[in-house]
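Trainee: quick check, what structure comes out for this input:
(2 chains)
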There are 2 protein chains.
Amino acid sequence: MGKTPRSFIREILRVTEDRSVISFAGGLPNPALFPVDGIKEAAIDVLTEKPAEALQYSTTEGYLPLRQWIAERYQERAGLSVPPENILITNGSQQSLDLIGKICIDKNSPVAIEKPGYLGAIQAFSLYEPQFHAVDLEPDGPDIASLEDIVRRCTPQFFYGVPNFQNPSGVTYSDEKRREVGKILSGSDTLFIEDDAYGELRFRGDDLPLVQQFLPENGVILGSFSKIIAPGMRMGWIAAPPEIYDKLITAKQASDLHSNYLSQLIIHRFLRDHDIECHLRQIRESYHMQRDCMVKAMEEFFPQEVTFTRPDGGMFLWATLPDGISPLDLFELSIQNKVAFVPGNPFYTDGGSSNSLRLNYSNADPDSIFEGIRRLGDAMKSLIG
Amino acid sequence: MGKTPRSFIREILRVTEDRSVISFAGGLPNPALFPVDGIKEAAIDVLTEKPAEALQYSTTEGYLPLRQWIAERYQERAGLSVPPENILITNGSQQSLDLIGKICIDKNSPVAIEKPGYLGAIQAFSLYEPQFHAVDLEPDGPDIASLEDIVRRCTPQFFYGVPNFQNPSGVTYSDEKRREVGKILSGSDTLFIEDDAYGELRFRGDDLPLVQQFLPENGVILGSFSKIIAPGMRMGWIAAPPEIYDKLITAKQASDLHSNYLSQLIIHRFLRDHDIECHLRQIRESYHMQRDCMVKAMEEFFPQEVTFTRPDGGMFLWATLPDGISPLDLFELSIQNKVAFVPGNPFYTDGGSSNSLRLNYSNADPDSIFEGIRRLGDAMKSLIG
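Mentor: Reported below is the predicted structural model:
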């Protein structure tokens, strides 16, 4: 199970190594927006001022000033009180998912996940062999009746979701659905794992409350510096209530003692000494422009029968083909036209078929977006006939 | 099980936070030997020359030039052919241990480990709930008859050992025992997990062959930059035969996608541009001197009945009290005298009692070593009576 999505994605990545292919298959942030000078300054400062600390072993929990920065950010952004003592620094969200799997899942433990769901989460959890229960993702969030039924029927260990600009679909939970998820899970034995990797990347509309707001005792938030600073340093965090936190620390310590301490100090120094709002504004403006280019090209070149999401933030779009048209066939055809995407199939835990595809816009320039979507539209038209 | 050693060690670390305590309890390399200037230069070069690559997502396997450096080092050091394609970069040896546990251990899987054994390995493996089989560690390596018996009786998934300057005991396998371990495991279904974290830290005698030499098909080597460069960047590796390697990649990808890429590039740059032999010589000379101070003080201040190892490298000594004297009682007493160590108990997988203690010399200066060992000798004398 854990191996299937990997081989699938590997095959896609192999194909897209060809430089002449326009790829919407990846999930990379735009490297032109990495704050290179700020990171370099921060690295020099840290290695000048406290090298022995930065290069030595440290505590499992992570660098306290960095955890304090994260706590203050929740306060500012969402009026949410998340004490630094509840925050654990991880090697990016993928490790957060692995640690959650490690402490929550025994073989055949029930867990609930959005359908379609984030591939990295499916991979991480699969290694612990849970019983997946899929909750359909509607345009405004999870199918509430289905979630309620699953929770009542089998009390999953957790419901894992991405309320803001979901990967793969670009869907954002409405305010109402956030409250409903909170209402269903609050006081239950099911945690809500709120993966907020893209929360800072809203480029349209107003911020909505974190679901955490509505289930303070059993909400766990996952955050990441990968999309707001840079992914190469593999740096994220988990905010969890004390009894979960304690288990996470044990699992983290056994997993790798602690996260890269030099990078923790560099990131903290960068955040402390630079205007992060200004930096985030640049990312949002760029992704907004890239998203608009893609939507406009899709409106122009995709057949009428193909529908797609219009995300308010994040990095991904989700297009759905007419019934009976397989994204795998489309992939075969479009790769001949030198354009790539991820067929929807690996985002489904039941291994079922899908007629959707994921398109990434954050790592392509407007010309490539225009040309790639044109080619993809041609492939769709010849397939739909 | 996974929690016990952690709470135990935590309690010890809490006590040693008191600055007036001379602590031999940790396992820290000497921060005065961190190559700070070289790392700073390397960081500046990497962030100047290839920032977009260093800060972006990368491959699970790790930075190829770094893996090539490791492969060449095995060739130089030991005439061992380990292709870079078989090397996976991890977040330090602790993650290597976790990945080994993840792919090899199902609940109640038999695994063999030295007695006493490395605590970090016991913690990492314990989370996967194996059945531990302990192989007594004699002054020249594992009890061969016991290893043979365990392998024949229950075919453990692996035998985990630290042939060079073992943590906690300081014991090094003799050349003969290396060959015997190879002979027993070669062609069997039991892997040898050769943790060589300290292999570069030999300060007396000649290098001995890696056990890997004698079981090419089912040997796995764990290496680390923590003891030869700096632990704060959490950087190590696993070298494994192809079928194991492939499983490790799947597990690593699900665990955290890949190791910190910026740090991989920095470490490679440092290794490429600096005289690593000269740097290692400094570390070996310093640890040799620190080890000699400790041995000399122990010969002077410890009661005759207390025996101890005289390691040829690495960072640890192992002292054994007379029968009936508990290192836990000694700990209570010596902490009042402001000196700390790790009682032997958590290094035993059977939770049994121990009359030994681990002493670390790499992170203490000669005066503290002298004074600390004097105080510890006093506590021993008053306990032995």
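Trainee: what sits up against stretch A:45-59?
Mentor: Stretch A:45-59 is contacted by residues A:257-258, A:261-262, A:264-266, A:269, A:273, B:27-29, B:31-32, B:34, B:36, B:39-40, B:43, B:226, B:230-233 when judged by Cβ atoms under 8 Å, 6 or more residues apart in numbering or on different chains. Yep, even glycine has a C-beta here, placed from its N, CA and C like the rest.
Trainee: equivalent analysis for stretch A:291-304, please.
Mentor: Contact with stretch A:291-304 is made by A:203, A:306, A:308, A:310-311, A:317, A:319, A:359, A:361, A:366, A:369-370, A:373-374, A:376-378, A:380-381, A:384, as judged by Cβ under 8 Å, 6+ apart.
Trainee: state the mean pLDDT of it.
Mentor: Taken as a whole, stretch A:291-304 carries a mean pLDDT of 98.
Trainee: and residue A:179, what does it touch?
Mentor: Contact partners of residue A:179, counting by Cβ under 8 Å, 6+ apart, are residue A:214.
Trainee: what segments of chain A are strands?
Mentor: With strands called from DSSP state E, chain A shows them at A:22-23, A:87-90, A:110-115, A:131-138, A:141-142, A:158-161, A:191-195, A:219-224, A:236-239, A:307-308, A:316-320, A:339-340, A:342-343, A:356-360.
Trainee: redo these as TSV? Include distance to chain B, mean neighbour count and mean pLDDT.
Mentor: Formatted as TSV, the strands of chain A follow (distance: least, Cβ to the nearest Cβ, whole Å; neighbours: other Cβ atoms under 10 Å in any protein chain shown; pLDDT from 0 to 100):
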stretch	distance to chain B	mean neighbour count	mean pLDDT
strand A:22-23	13	24	94
strand A:87-90	8	27	98
strand A:110-115	15	25	98
strand A:131-138	15	19	97
strand A:141-142	24	25	98
strand A:158-161	14	27	98
strand A:191-195	15	25	98
strand A:219-224	11	25	98
strand A:236-239	9	25	98
strand A:307-308	25	16	98
strand A:316-320	15	22	97
strand A:339-340	17	24	96
strand A:342-343	15	24	94
strand A:356-360	12	25	97
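Trainee: skipping adjacent residues, who's closest to residue A:235 in space?
Mentor: Nearest residue to residue A:235, sequence neighbours excluded (Cβ to Cβ, 6 or more residues apart in numbering or on different chains): residue A:225, at 4.5 Å.
Trainee: pLDDT at that neighbour, what is it?
Mentor: Taking residue A:225 on its own, its pLDDT is 98.
Trainee: what does the stretch 151-300 of chain A put close to chain B?
Mentor: Within the stretch 151-300 of chain A, the positions adjacent to chain B are A:226, A:230-234, A:250-251, A:253-263 by Cβ under 8 Å from any Cβ of the partner chain.
Trainee: go again using 6 Å as the cut-off
Mentor: Applying Cβ under 6 Å from any Cβ of the partner chain, we find that the stretch 151-300 of chain A lies next to chain B at A:230-234, A:250, A:254-257, A:260-263.
Trainee: what's the local residue count around the closest residue to residue A:231 other than its chain neighbours?
Mentor: In this structure, residue A:231 finds its nearest non-sequential neighbour in residue B:57, 4.7 Å apart by Cβ to Cβ, 6+ apart. By the criterion of other Cβ atoms under 10 Å in any protein chain shown, residue B:57 has 19 neighbours.
Trainee: again, but for residue A:52
Mentor: Residue A:52 has 13 neighbours, counted by other Cβ under 10 Å.
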